[in-house]
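Peer 1: below are the sequence and a predicted model for it; my questions follow.
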Amino acid sequence: MQVASSPAAGSVPIAASLRNATVRFATFTAIDKISLDIEDGAFYSILGPSGCGKSTLLRLISDLIPAAEGEVTVFGKSTEEARLAREFAFVFQEATLLPWRSAIDNVRLPLEIGRSRGLKLPVSERSPAELLELVGLKGRENALPHELSGGMRQRVAIARALVCKPKLLLMDEPFGALDEMTRDHMNLELLRIWQETGVTILFVTHSIPEAIFLGQKVLMLKANPGRVREIVDIDLPYPREIALRDTLEFTRYSARLRQLLETC
Amino acid sequence: MQKLGGGVPLPILTAVGLILLWEAGVRGFSVPSYIAPAPSDIARALVNDFPLLMRNFWPTLFESLLGFAVGNLGAVLIAIAFVHNKTVEKAFFPIAVFINTVPILAIAPILVLIFGGGLTAKVVIAALICFFPTLVNMVRGLEAVTPQVMELARILSASKWEIFWKIRLPSSLPFLFAALKIAATTSVIGAIVGEWVGADKGLGTLIIDATFNFRAAQLYATVLMSSGLSVVMFASVAIAEKLLIRWEHK
Ligand SMILES: Nc1ncnc2c1ncn2[C@@H]1O[C@H](COP(=O)(O)OP(=O)(O)OP(=O)(O)O)[C@@H](O)[C@H]1O
Ligand SMILES: [Mg+2]
């Protein structure tokens, strides 16, 4: 299990670090001088109004877009080095599976890429089949994506993200397209996976309850320009159960975050 | 499929009905057989002229297949070049469009002049007629990769080569097969047109021959053979598609 928050800066290894990081699209500043340290093994939920730069932040960390100014490091490496070393994996809102590949072959995809060029790939000690079991898809290994439900497809995508044993998992509204029941279920599964694997997670969501339920901390961003509004510690113990949402503490966090969101 | 009387599909019943009507019409109005032969005359020609028909069937099959292979292979390779090099695409795509606007019937005599009355001219004509639809479809197919999948590839640090083999090529297959099904029938048209312009064997030659000698029943039998060839080519492609593409394609 993870330690909830870092007592003193420097004592905990840092998964991702931003120093005055700025992202611009032409003249528009999407992220403005953000400085931030994500502790190794932490679970951060990221909230903020639409267009405030949540996706941009994940894309910056994952080397999909460059920083115009400032510095971003992942486990002390540049984002490019971290990408080549497969330090992180990304889960998109859409499962983004290759439709001609079975579930298990989709999970294998990251293992097939880069090998021939001598890219040193970390490999999870869990086999692709075991990863599918971990996300609750035992028995559906050979199903094609169109034979799976939306929630199942997203679980395949999570298994695929875990196959190279990432130390950092970037998730951009991964459950946004799912119905409430499936979403609750996936939240529990994700927490279980987080605790079993010790991976650091940055989880973007639009849902305040989801952000509180999952995160050790909620990173609240504000728009125009994209900055960190506040980091709220969620002092609720793990393992968390769905019933946690009905507690008074949960409701308090919820009210506080809603107020914060209104001022973003 | 709708079924009637003993499970025979409706289209077949309709076709049989029309053929009977045709037979009755030709006989009832005693239409001369050199104008419109009765279905029974055509059937007789099919049987009696079978060796002759087959002698001319093989060359046309061969030309169609070669033209199909050359035209589609060329189109696929050029599409791959286009997708990987925008300059090449900008330079050559207008030319491809221009070639496509030249009617194949108009250009066929030129090609026969250039390549002579042998196999080459027919293959070139059949290849040309296949080329453009496959080129356009293949380019579309290779580019039909969503930006999200490209981001996934980027996060996995995939090389252009890996993106091509693991992502672009498989996702282009449904587009390719849509084009191949068109090419399966047009390549036969190309071969026959080539034979019309100048050849001493093939179904196209036989069509011209039968027409000018008023052998209407033989003409119809030859046309039947030609469409039979198209159907076989089309069905082969369709079966290959079924075997290869098992995933759902929108
Ligand atoms: N490729 C791009 N080109 C130009 N502007 C962009 C691009 N990507 C994002 N932006 C702009 O940057 C800002 C932040 O976008 P981003 O997608 O990060 O927002 P977000 O917080 O993820 O929003 P949402 O909650 O709606 O997903 C937006 O104003 C958006 O218009
Ligand atoms: Mg977003």
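Peer 2: Perfect, I can see it now. Residues are numbered from 1 along each chain as shown, chains lettered A, B, ... in the order given. Ligands and ions are numbered 1, 2, ... in the order given.

Peer 1: so what are the domain limits for chain B?
Peer 2: Listed by automatic domain parsing, the domain ranges of chain B are B:1-31, B:37-244.

Peer 1: out of those domains, which is the most enclosed?
Peer 2: Ranked by mean neighbour count, the domains of chain B are led by domain B:37-244 with a mean of 19 (mean count of other CB atoms under 10 Å in any protein chain shown). Placement of C-beta: from N, CA and C, glycine included.

Peer 1: that domain and chain A in contact?
Peer 2: Yes. Judged by CB under 8 Å from any CB of the partner chain, domain B:37-244 and chain A are in contact via B:146, B:148-149, B:151-159, B:162, B:166-167, B:170-171, B:173.

Peer 1: A:T79: which of the domains of chain B is closest?
Peer 2: For A:T79, the closest of the domains of chain B is domain B:37-244, at 10.7 Å, according to CB to CB.

Peer 1: any regions of the stretch 1-150 of chain A where pLDDT drops low?
Peer 2: Low-confidence segments of the stretch 1-150 of chain A (pLDDT under 70): A:1-10.

Peer 1: try 80
Peer 2: Within the stretch 1-150 of chain A, the stretches with pLDDT under 80 are A:1-11, A:116.

Peer 1: how about the nearest residue to A:F75, chain neighbours excluded?
Peer 2: Computed as CB to CB, 6 or more residues apart in numbering or on different chains, the closest residue to A:F75 that is not its neighbour in sequence is A:E87, at 5.4 Å.

Peer 1: pull stretch A:238-255 out as PDB, backbone CA atoms only.
Peer 2: This file holds the C-alpha atoms of stretch A:238-255, laid out as PDB (Å, rounded to 0.1, in the frame of the first residue of the first chain):
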ATOM      1  CA  TYR A 238      -7.600   2.600   1.300                       C
ATOM      2  CA  PRO A 239      -8.900   0.200   0.400                       C
ATOM      3  CA  ARG A 240     -11.900   2.300  -0.500                       C
ATOM      4  CA  GLU A 241     -15.400   0.900  -1.000                       C
ATOM      5  CA  ILE A 242     -18.300   2.400  -3.000                       C
ATOM      6  CA  ALA A 243     -20.100   3.100   0.200                       C
ATOM      7  CA  LEU A 244     -17.400   5.600   1.000                       C
ATOM      8  CA  ARG A 245     -19.300   8.000  -1.200                       C
ATOM      9  CA  ASP A 246     -22.200   8.200   1.200                       C
ATOM     10  CA  THR A 247     -20.000   9.300   4.100                       C
ATOM     11  CA  LEU A 248     -20.000  12.800   5.500                       C
ATOM     12  CA  GLU A 249     -16.200  13.200   4.900                       C
ATOM     13  CA  PHE A 250     -16.700  12.400   1.200                       C
ATOM     14  CA  THR A 251     -19.500  14.900   0.900                       C
ATOM     15  CA  ARG A 252     -17.400  17.600   2.500                       C
ATOM     16  CA  TYR A 253     -14.600  17.000   0.000                       C
ATOM     17  CA  SER A 254     -17.100  17.000  -2.700                       C
ATOM     18  CA  ALA A 255     -18.600  20.300  -1.600                       C
END
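
Peer 1: need the residues that contact it.
Peer 2: Around stretch A:238-255, the neighbours that count as contacts under CB atoms under 8 Å, 6 or more residues apart in numbering or on different chains are A:1-2, A:184, A:188, A:191-192, A:195, A:208-209, A:212-213, A:232, A:234, A:236.

Peer 1: repeat that for 10 Å
Peer 2: A:1-2, A:4, A:43, A:184-185, A:187-188, A:191-192, A:194-195, A:208-216, A:218, A:232-237 (CB atoms under 10 Å, 6 or more residues apart in numbering or on different chains).

Peer 1: what's the ChimeraX line that selects buried ones from those residues?
Peer 2: A single ChimeraX command selects the buried members of the contacts of stretch A:238-255 (16 or more other CB atoms under 10 Å in any protein chain shown):
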select /A:2,4,43,184,185,187,188,191,194,208,209,210,211,212,213,214,215,216,218,232,234,236
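
Peer 1: next step: the contacts of stretch A:238-255 restricted to strands.
Peer 2: Of the positions in the contacts of stretch A:238-255, A:F43, A:V218, A:V232, A:D233 sit in strands, assigned by DSSP state E.

Peer 1: of the domains of chain B, which is nearest A:S127?
Peer 2: Nearest to A:S127 among the domains of chain B is domain B:37-244; the distance by CB to CB comes to 18.7 Å.

Peer 1: quick one: terminal-to-terminal distance for the closest one?
Peer 2: 43 Å (CA to CA, to the nearest Å).

Peer 1: report the distance from it to the chain centre.
Peer 2: Here the centre of domain B:37-244 is set off from its chain's centre by 5 Å, with CA atoms, centre = their mean, to the nearest Å.

Peer 1: that domain near ligand 1 anywhere?
Peer 2: No. Remark: domain B:37-244 sits outside contact range of ligand 1, by CB under 6 Å from any ligand atom, the gap being at least 9.8 Å.

Peer 1: contacting residues around the residue nearest to A:F75?
Peer 2: Contacts for A:E87 (CB under 10 Å, 6+ apart) come out as A:15-16, A:62, A:74-77, A:79, A:81, A:122, A:164-168, A:200.

Peer 1: same check, this time on B:A38
Peer 2: B:I19, B:W22, B:E23, B:A24, B:G25, B:V26, B:R27, B:V31, B:R44, B:A217, B:Y220.

Peer 1: residue ranges in chain B under the pLDDT threshold?
Peer 2: For chain B, the stretches flagged by pLDDT under 80 are B:1-7, B:248-250.
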